[in-house]
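with the input below, show me the fold.
(one chain, ligands or ions: 1)
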Amino acid sequence: MNISIITVGKLKEKYLKAGIDEYLKRLSGYAKVEVIEVPDEKAPEILSAVEMEQVKQKEGEKLLAKVSPDTYVIALAIDGKVKSSEELADSLDKLATYGKSKIAFVIGGSLGLSNEVLQRADERLSFSRMTFPHQLMRLILLEQVYRAFRINRGEPYHK
Ligand SMILES: C[S@@+](CC[C@H](N)C(=O)[O-])C[C@H]1O[C@@H](n2cnc3c(N)ncnc32)[C@H](O)[C@@H]1O
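You can find the predicted model right below:
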């Protein structure tokens with residue numbers, strides 16, 4: 001299985017980078033996983049609603065440019081479907097069974113994902129109704145993907 005995590009902005013914090021590298025290393029035994037960063041749109045702190053939409057749209061175009069037509073896209077969205085770790089594991093297992101070998105998880109920038117990205121997505125996944133910083137979201141997602149592979153292989157994992 002080929003998994004891409006497509007994200008906005010360059011990861012700056014060392015502590016997040018260390019965690020992400022650790023999970024990428026752990027995942028290397030289970031799947032080909034890569035993190036793709038697209039540049040964020042430079043914008044002032046205060047934006048009008050129209051400007052915010054423009055930023056999301058431009059970032060969305062860059063995110064979608066990294067998605068091939070045969071990729072199954074899972075958009076991370078606060079108002080998406082909440083799943084347990086076991087349910088996520090089961091979804092990934094089913095995708096593999098049905099021959100979906102390319103999966104992209106898409107994480108929005110600080111303003112979120114554009115409608116175009118949400119429309120392209122095959123599903124929207126929520127990690128709760130809370131808002132997480134997009135850079136931390138990468139780490140949380142990688143840990144859950146790792147957990148999913150451990151669950152599917154029947155390997156022990158921390159409850
Ligand atoms: C800082 S959040 C954006 C917040 C923005 N107001 C929104 O509603 O999308 C950045 C990105 O992280 C991801 N994200 C943050 N919290 C999430 C959650 N609880 N579940 C799923 N994705 C989340 C989403 O992809 C989101 O676009």
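
quick one, longest strand in this structure?
In the chain, with assignment by DSSP state E, the single longest strand is strand 72-82.

tell me what angle the helix or strand following that strand forms with strand 72-82.
Moving toward the C-terminus from strand 72-82, the next helix or strand (DSSP states H and E) is helix 85-97. Counting by axes from the mean of the first three to the mean of the last three Cα atoms, to 10 degrees, helix 85-97 points 160 degrees away from the direction of strand 72-82.

so for helix 85-97, what gets flagged as buried?
Within helix 85-97, the residues that qualify as buried by neighbour count (16 or more other Cβ atoms under 10 Å) are 85, 88, 89, 91, 92, 95. For glycine as for every other residue, the C-beta is placed from the backbone atoms N, C-alpha and C.

quick check: mean pLDDT of it?
What helix 85-97 shows for mean pLDDT is 96.

run through who's touching the helix or strand following that helix.
Note on helix 85-97: by DSSP H and E, the next helix or strand toward the C-terminus is strand 102-106. Contact with strand 102-106 is made by 1-7, 63, 66-68, 70-76, 92, 95, 113, 117, 121, 125, 141, 145, as judged by Cβ atoms under 8 Å, 6 or more residues apart in numbering.

filter these down to the buried ones.
Taking 16+ other Cβ under 10 Å as the criterion, what is buried in these is 1, 3-7, 63, 67, 71-76, 92, 95, 113, 117, 121, 125, 141, 145.

pull out whichever of those are also neighbours of the ligand.
Applying Cβ under 6 Å from any ligand atom, the subset of the buried ones among the contacts of strand 102-106 adjacent to the ligand comprises 76, 113.

and the buried residues of helix 85-97, which two are furthest apart?
Maximum pairwise distance in the buried residues of helix 85-97, criterion Cβ to Cβ, is 15.8 Å, between 85 and 95.

which parts of this structure are helices?
14-27, 49-64, 85-97, 115-120, 134-152 (DSSP state H).

pick the most buried one from those.
Of all the helices of the chain, helix 134-152 has the most neighbours on average by mean count of other Cβ atoms under 10 Å, namely a mean of 20.

what separates that helix from the chain centre, distance-wise?
Distance of helix 134-152 from the chain centroid (Cα atoms, centre = their mean, to the nearest Å) equals 9 Å.

what of stretch 147-158?
20 Å.

gap between the residue most central in space within the chain and the ligand?
Centroid-nearest residue in the chain: residue 105, 3.4 Å away (criterion: Cα atoms, centre = their mean). According to Cβ to the nearest ligand atom, to the nearest Å, residue 105 stands 9 Å off from the ligand.
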